[in-house]
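# generate a structure from the sequence data that follows.
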Amino acid sequence: MATRKRYSKQFKLQAVELLEQSDKPAAEVARELGVMRNQLYKWQHELRDKGEDKAFRGPGRNAALDQRSEVADLKKRLAQLEEENAILKKAAAYFARELP
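Alright, predicted model coming up:
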């Protein structure tokens, strides 16, 4: 089963703006953006009903958890790279002493 594609608030705002300002039919705009035509209409109605500030609030907690997980992974990777760097520095110093 395919995972759902998540679009940023900025993408949705630009898509609705393009839909409203373009002379092209909604189906063609949707095709160019790679989304379904009905999705464009849903975004348009949500923006009209809620206003720009409250529309497209996003996934909420899941995004924060994803970011925390990514930060933890990056910290682990940083520690690993720092350890490798220290080992390489020691090896370079050792081999520099051995050479005449």
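
# so, low pLDDT: which residues of this protein?
For the chain, the stretches with pLDDT under 70 are 1-2, 58-63, 99-100.

# which residues in it form helices?
Per DSSP state H, the chain carries helices over the ranges 9-21, 26-33, 37-54, 61-98.

# list the buried residues in the third one.
Same thing as helix 37-54. Residues of helix 37-54 classed as buried: 40, 43-44, 46-47 (neighbour count, 16 or more other C-beta atoms under 10 Å). C-beta: built from backbone N, CA, C; applies to glycine.

# okay, now the domains of the chain?
7-58, 70-100 (automatic domain parsing).

# who touches Phe56 in this structure?
9, 12-13, 43, 46-47 (C-beta atoms under 8 Å, 6 or more residues apart in numbering).

# returning to what we had before: pick the most deeply packed of the domains of the chain.
Neighbour counts (mean count of other C-beta atoms under 10 Å) averaged over each of the domains of the chain peak at domain 7-58, with a mean of 14.

# from Lys12, how far off is Lys42?
10 Å (C-beta to C-beta, to the nearest Å).

# now Thr3
18 Å.

# and what of Asp73?
The value you get for Asp73 to Lys12, if C-beta to C-beta is used, is 28 Å.

# before we move on, what about Leu65?
Relative to Lys12, and taking C-beta to C-beta, Leu65 is found at 22 Å.

# over to Lys54?
In terms of C-beta to C-beta, Lys54 sits 13 Å off from Lys12.

# do the same with Arg68
Counting by C-beta to C-beta - Arg68 and Lys12 are separated by 25 Å.

# got it, and Glu20?
The value you get for Glu20 to Lys12, if C-beta to C-beta is used, is 13 Å.

# go on, Asn85?
42 Å.

# the residue nearest to Val29 when sequence neighbours are not counted: what's it in contact with?
Closest residue in space to Val29, ignoring its immediate chain neighbours: Leu19 at 5.2 Å, by C-beta to C-beta, 6 or more residues apart in numbering. Leu19 sits next to 26, 29, 40, 44 when contact means C-beta under 8 Å, 6+ apart.

# farthest-apart pair in those residues, please.
Using C-beta to C-beta, the contacts of Leu19 span at most 10.8 Å, a distance reached by Val29 and Gln44.

# lovely, talk soon.
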